[in-house]
Structure formats: C-alpha cells, structure tokens
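S.K.: Sequence and predicted structure, then a few things I'm wondering about:
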Amino acid sequence: MTASIIKLNTTAEDHHIARMAAVALGLTVLESAIPSPLPGVKPGLANIVTLIVLARYGWRTAAWVSLLRVLAGSLLFGNFLAPGFFLSLSGAVCSLVVLAFARHLPARWFGSVSHSIYAAFAHITGQMLVVYLWLIPHAGIAYLIPIFATAALVFGTVNGLIAARFMDNDSNPLSLRGNQ
Amino acid sequence: MFSAALQHIKLGDWLTLLLGSICVVLLTFKLWSDDLADKAIIRGGGKILSVVPLSRDQQIEVPGPLGISIIAIQNHKARIASDPSPRQYCVRQGWLQQAGEIALCLPNQVSVELVGSKKKYDSLNY
C-alpha cells in the first residue's frame, strides 16, 4: 500500500486568512478564561480581528476569518455541532450580514465603533433567535434580553475602540497586516 | 489613554451609541416592567374565599359542588394540583406565575387568580 499524499494548493491569501483566523482563535481561547456572570455575556474579543480585517481587506475576507474562527473554535472546545456551536454560528452570520450593510456607511462619520456596535446587536439577535426557536421556546427568556443588549452595547463599543486604536499605528508588532 | 480612545469615536459613532443606548433603555422598560405576581386570589362559587401570598409554599383545599379542588403554591407559582372536574382543563394549565393569569375549574366553581402590585389585564380578556 502506497502512502497517498494529498496536496492542497493554497494561495498567499489563504495563508493570510488562516493567520488572522488563528489570531481570532487565540483571543477566543483567552476570553474563555474570563469568568462570566451569565452564560452568553462575553466580551467577544475575537470580533476585534473581524473588524480590523473588514476595514483593511473587505467583507469577504472578514467573513472567512469569522466563520473559520467559529468552526475551529468549536473543534478546539469540543462543541462542534453542539448547541454552543450553533449559537456562535448564528451570531457570527447575523453580524456578518449586518456588517455587509454597515461597512457602506460613510467612513467620514462612521468608524469601527459603529460597525462593532451594530455587529454586537446583530450577534445577540441571532443568538436569541436560536435560543428561542430551538433551545428554550419560552417567552421567559425575554427577561434576559436587556442584560444581553447592555452587554452588546458596552462590549461593542470597547471592541470597536480597540480595533480603531490598533489600526492607527501600523508599526504595532501585533499589526494584522500580512507581513510576508 | 482615555482621551486617545475618545478621538476614535466619530460623529456617526456617537449617533450609533445614542441609538444603541435608547434601544437598550426601551428594551429594559418594555421587558422588565411586567410584574411577577405576589398574591393568589382563590374563589369558590363566585366568592373570594381567601387571598394568599405566593411567598409561602402550601396546599389549599377548596370545596366545590363536585368535590374538593386542591391548589398548590410553590416557588412563587400557583397551580390547581387536582380537581374533580371531568376535563381537567385547569389542572392541565399548569403553573401560573405572571400577574393576571387565571386558572378556572368551571364545573367545580373554583378559580385561582394571580395579582401583582398593580392591576393589569388578565389572561381571560385578551
């Protein structure tokens, strides 16, 4: 029996996307160490990467990075195809849909902070829909919406600020430009 | 550091922040204004037999024309635990929690209604 070698032809762009998804993944792992008062309330630090990628390389790349991060993150945490995975996925997809529109806001007035806030609200909307339609079909979860919405506003703003701050100095060692 | 952060918020971003804050405040008012019930009014044959607080777990037996209905109060919720009525609608209704919810056992003329701090619409006249 001969060993078969599967060779995938990858482009520089693929490597670039993978590298950025890996950074996002690192932030996801980092953030899972932060205790949360309520399941679902987390800063969503990985979205900082998505925001920067969106601003620098466009929506398509941002979608790749975001969805790869969700997929690889679920494999890492062992909840692939478990409820937690679908919660992340629905949040990410809703955010991306909203970002597809939000990025066309005039850049003169709207920056990463706006993108981040809109995406955070979209994220929580997507998650609540999955929770309500699939996991807990009870009107009682409406009680939690104000908490999630407040978290979305606060963390959305903070993440947007961090993303904006990162982008204004390219010499930063953590700069996400593909330096290759 | 703080002022450096602030310079990244553009005019539209402030607008977004304002919009987001308004949404959060409206959502909070809308979703958290529902008051949970704190008392249960138990009626038999159309008359109020007793008004009991939901804070204490207890079972109350209410006599009616068909027999005895048992009302259970537990964990700030109330339900009809058993009833001699043939169709058992009120029993199947399960636990009541919100102000305005009512379980009626018609043939036995027993009902339990939950009330909160203020009187709102009840679950019968939607």
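M.R.: Noted; the coordinates are in hand. Residues are numbered from 1 along each chain as shown, chains lettered A, B, ... in the order given.

S.K.: State the three-state secondary structure for residue A:34.
M.R.: coil (DSSP: H, G, I helix; E, B strand; the rest coil).

S.K.: Equivalent analysis for residue B:41, please.
M.R.: Relying on three-state DSSP, one would call residue B:41 strand.

S.K.: Whichever helix in chain B runs longest - what's its average pLDDT?
M.R.: Longest helix of chain B, by residue count under DSSP state H: helix B:11-32. Average pLDDT, helix B:11-32: 90.

S.K.: wait, what's in contact with the residue of chain B found nearest chain A?
M.R.: Chain B approaches chain A most closely through residue B:12 (3.3 Å), counting by C-beta to the nearest C-beta. (C-beta placed from N, C-alpha, C; glycine too.) Applying C-beta atoms under 8 Å, 6 or more residues apart in numbering or on different chains, one finds that residue B:12 lies in contact with A:105, A:106, A:109, A:110, A:111, A:114.

S.K.: can you list the domains in chain B?
M.R.: In terms of domains, chain B is parsed into B:2-32, B:39-115 (source: automatic domain parsing).

S.K.: is the last one anywhere near chain A?
M.R.: Just to be clear, that refers to domain B:39-115. No. Using C-beta under 8 Å from any C-beta of the partner chain, domain B:39-115 never reaches chain A; the gap is at least 8.6 Å.

S.K.: Deepest in the core, which of the domains of chain B is it.
M.R.: Sort the domains of chain B by mean neighbour count, taking mean count of other C-beta atoms under 10 Å in any protein chain shown, and domain B:39-115 sits at the top with a mean of 17.

S.K.: give me the number of residues near the residue of chain A found nearest chain B?
M.R.: Here chain A gets closest to chain B at one residue, residue A:109, 3.3 Å apart by C-beta to the nearest C-beta. By the measure other C-beta atoms under 10 Å in any protein chain shown, the count of residues near residue A:109 is 14.

S.K.: Just say helix, strand or coil for it.
M.R.: Reduced to three states by three-state DSSP, residue A:109 is coil.

S.K.: any idea how far it is from residue A:143?
M.R.: 35 Å (C-beta to C-beta, to the nearest Å).

S.K.: same thing with residue B:51?
M.R.: Distance from residue B:51 to residue A:143, by C-beta to C-beta: 26 Å.

S.K.: Spatially central residue in chain A, please.
M.R.: Centroid-nearest residue in chain A: residue A:47, 3.7 Å away (criterion: C-alpha atoms, centre = their mean).

S.K.: Excluding chain neighbours, what is closest to that residue?
M.R.: Of all residues not flanking residue A:47 in the chain, residue A:159 sits nearest, at 5.5 Å (C-beta to C-beta, 6 or more residues apart in numbering or on different chains).

S.K.: quick one: contacts for that neighbour?
M.R.: Contact partners of residue A:159, counting by C-beta under 8 Å, 6+ apart, are A:43, A:44, A:45, A:47, A:48, A:51, A:116, A:120.

S.K.: Can you flag the buried ones in those residues?
M.R.: Buried members of these, scored by 16 or more other C-beta atoms under 10 Å in any protein chain shown, are A:43, A:44, A:45, A:47, A:48, A:51, A:116, A:120.

S.K.: which pair in those residues spans the largest distance?
M.R.: Based on C-beta to C-beta, the longest span within these runs between A:43 and A:51 and measures 13.1 Å.

S.K.: Tell me how far the residue minimising distance to the centre of chain B lies from residue B:38.
M.R.: Taking C-alpha atoms, centre = their mean as the criterion, residue B:98 is the residue nearest the geometric centre of chain B, at 0.3 Å. In this view, residue B:98 and residue B:38 are 11 Å apart by C-beta to C-beta.
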